[in-house]
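Sequence plus predicted model, see below.
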Amino acid sequence: MITPNEILTMIRADGFFERVFEKEGDWDAQLDARESTAFDAAWNSSYETIHKKDPTESATIRDIREYAFKQTFRLTQNSELASYVSDDLGLIVKAFDSKLANAFVSRLWNSYLQGQFPK
């Protein structure tokens, strides 16, 4: 599994967030799509499972969340979207750091790696 430091290096690489947010999108509609019962249930279930194992958040995870928020906001000027991205990356890093295999979290991470905002 990938480590939090490896993820930090990846997201700090030139173009990581630009690939996801370079296209002008209707971010409110994208966020609304994430409110679907299936996506919301999968996200919350993954969060509960991962945080039951270890409810703490390391300094590296906090750094990743802050960096993700700032970069997303810089590109989109949308604080709600930036919060979602920060939460997603926090969940992703926490799962990998806890060495918990989770199909939903892997799908989230793969979306970002492919330059797509998960929904």
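Good, I have the coordinates. Keep in mind the model is a prediction, meaning the values are calculated, not measured. Residues are numbered from 1 along each chain as shown.

Which elements pack onto the helix or strand bottoming out on mean pLDDT in the chain?
When each helix and strand of the chain is scored by mean pLDDT, DSSP states H and E, helix 27-33 comes last, with a mean of 90. Under the contact criterion of 3 or more Cβ pairs under 8 Å, 6 or more residues apart in numbering; DSSP states H and E, helix 27-33 touches helix 79-97. C-beta: built from backbone N, CA, C; applies to glycine.

Now do the helix it packs on: everything it contacts.
1-4, 7, 11, 27, 30-31, 34, 43, 46-47, 50-51, 54, 57-58, 60-61, 64-66, 68-70, 72-73, 76, 102, 105, 108-109, 112, 117-118 (Cβ atoms under 8 Å, 6 or more residues apart in numbering).

Restricted to helices, list these.
4, 7, 11, 27, 30-31, 43, 46-47, 50-51, 60-61, 64-66, 68-70, 72-73, 76, 105, 108-109, 112 (DSSP state H).

Can you mark which positions in the least confident helix or strand of the chain are buried?
Using 16 or more other Cβ atoms under 10 Å as the test for burial, helix 27-33 gives 27, 30-31.

quick one on the thing from earlier: only the buried subset of the contacts of helix 79-97, as a PyMOL command please.
Applying 16+ other Cβ under 10 Å to these leaves a buried subset, and the PyMOL line that selects it is:
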select buried, resi 4+7+11+27+30+31+43+46+47+50+61+64+65+68+69+72+73+76+102+105+108+109+112+117+118
